[in-house]
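Structure here, sequence nowhere to be found:
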């Protein structure tokens, strides 16, 4: 007598507790398979790949018509054909994640390549004995030049007629101060005669002199910028607060001149009250210097933080943009939510096209692709508006211009807000 196969079906759905009659293959309430067997590794693997390929198929079924037929996916989705396309918000989320991930990867590779080039340059310098000698020589030149500048400004401050020192790059005194540094390098060449002229200099001397002469203007600019506030404070001893400047920039400049001074000591020196707000503001001034004035690494890290928050910012700003869409197309039969669906699709295409331009620029090192992206996206935007809202060319172009202005303003506001929040927190 044949053995009756054991049934693995139950009378209650294990997912939602919906009552079953024991014959259903799937729960009519939630769709889960009616299977009471214990889960095994193979089933987990099969479910993973089924979900992966289902996502992959749905993504490309959405992406291809979205790119090739502007406005079609949005119109189909609003008309109820939703099972064949990916959810607009889900599509926006996935494309933004991929965009920022690949962009971060490109930046990381470019940073690595720049470090490799710098390392090769350093090895070349070390091979010729340039690195340490030139660096020490340039540092010595900077110290000597700064001492000369200190001496000049001490003499200027002793003149009672000079109540305030203001130097602009077009002033003759700026050129004289610059030539004072450059001329300190030239005598080294003039002292070599005959066969000991420029040809008599070894490569280390030539490199050192070139670097020193090239750095003279930077040293002078840094000196004038760093001592601008201090000179004014010393000359006008009764004035400790310049009312025309925001406290933050006073704190930032002071912390740049005295990076090792603690906030409480700095506030005491600057004659500010030691409130929590002033301490917080001074600490932010210190962070500003560390990120923007001292190293490219700090600026790069700050940019990465902004990039990481941009997709979140766009998610909150798109509903604002949808409100303007609703105002501009107020006579159209579409609701606010349906305008928002169009925007999710447009922003997804924006990320995809921008990512392609970055990849092509990275591979071929041609800036042309970024310009092509701008033209391509505006053409796509025009076709989407014309196909979806079914209006004439002139009306569509006018509304395209209006939406571009609004989008630019909102994007600028979002960038400033994200930058401020990243810096603040």
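That came through, no problem. Since the structure is predicted, the reported quantities are computational estimates derived from the model, not experimental observations.

secondary structure class for residue 260?
Here residue 260 is coil, with the state taken from DSSP: H, G, I helix; E, B strand; the rest coil.

Now do the helices for the chain: every range, in order, please.
Along the chain, counting by DSSP state H, helices occupy 41-68, 72-78, 88-127, 131-157, 172-183, 187-190, 203-235, 247-257, 263-269, 276-292, 296-328, 336-364, 368-389, 393-424.

just flag whichever of these has the lowest average confidence.
Comparing mean pLDDT across the helices of the chain, the weakest is helix 187-190, with a mean of 49.

Can you pull the domain assignment for the chain?
Dividing the chain into domains by the TED database, as the record does, gives the ranges 9-38, 42-107+301-424, 242-295.

ok, now which ones touch the closest residue to residue 258 other than its chain neighbours?
The shortest distance from residue 258 to any non-neighbouring residue, by CB to CB, 6 or more residues apart in numbering, is to residue 266 (6.9 Å). C-beta coordinates here come from the backbone N, C-alpha and C atoms, glycine included. Applying CB atoms under 8 Å, 6 or more residues apart in numbering, we find residue 266 in contact with 251, 254, 255, 258, 282.

now swap in residue 324 and tell me
Taking CB under 8 Å, 6+ apart, we find residue 324 in contact with 403, 406.

Please repeat the previous calculation with a cut-off of 6 Å.
residue 406 (CB atoms under 6 Å, 6 or more residues apart in numbering).

same check, this time on residue 39
Residue 39 neighbours (CB under 6 Å, 6+ apart): none.

any idea of the pLDDT on it?
On the pLDDT scale, residue 39 gets 71.

and the gap between the nearest residue to residue 273 once chain neighbours are set aside and residue 257?
Excluding the flanking residues, the one nearest residue 273 by CB to CB, 6+ apart is residue 267, at 7.3 Å. Residue 267 is 15 Å from residue 257, where distance means CB to CB, to the nearest Å.

which one of these two has more residues nearby?
The residue with more neighbours, out of residue 267 and residue 257, is residue 267; 20 against 14, by other CB atoms under 10 Å.

From residue 254, how far off is that one?
From residue 267 to residue 254 the distance is 9 Å (CB to CB).

what's the neighbour count on residue 406?
Residue 406, neighbours per other CB under 10 Å, totals 17.

no, scratch that, I was asking about residue 414
Using other CB under 10 Å, residue 414 is surrounded by 18 other residues.

residue contacts, it?
313, 317.

Residue 216 is nearest to which of the domains of the chain?
Closest to residue 216 of the domains of the chain, according to CB to CB: domain 242-295, at 19.8 Å.

hang on, the earlier thing: redo the domains of the chain as JSON lines? Include distance to residue 221.
Output for the domains of the chain, formatted as JSON lines (distance: least, CB to CB, whole Å):
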{"stretch": "domain 9-38", "distance to residue 221": "69"}
{"stretch": "domain 42-107+301-424", "distance to residue 221": "23"}
{"stretch": "domain 242-295", "distance to residue 221": "13"}
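
which one of those lies closest to residue 140?
That would be, of the domains of the chain and by CB to CB, domain 242-295, which comes in at 21.7 Å.

about what we covered before: from residue 288, how far out is the residue nearest to residue 273?
With CB to CB as the criterion, residue 267 and residue 288 are 17 Å apart.

again with residue 107
For residue 107, the distance to residue 288 - CB to CB - is 22 Å.

Compare the two (neighbour count), which wins?
Just comparing residue 107 and residue 288: by other CB under 10 Å the higher neighbour count belongs to residue 288, 19 against 16.

so which of the domains of the chain comes closest to residue 215?
Nearest of the domains of the chain (CB to CB): domain 242-295, 16.7 Å.

Quickly note the distance from the residue nearest to residue 58 when sequence neighbours are not counted to residue 98.
With CB to CB, 6+ apart as the criterion, residue 58 has its nearest non-adjacent residue at 5.1 Å, and that residue is residue 86. Using CB to CB, one gets 13 Å for the distance from residue 86 to residue 98.

How about residue 331?
The spacing between residue 331 and residue 98, counted by CB to CB, is 37 Å.

now residue 11
44 Å.

what's the answer for residue 254, then?
For residue 254, the distance to residue 98 - CB to CB - is 44 Å.

So for those two, which sits in the more crowded spot?
residue 254 (22 against 13).
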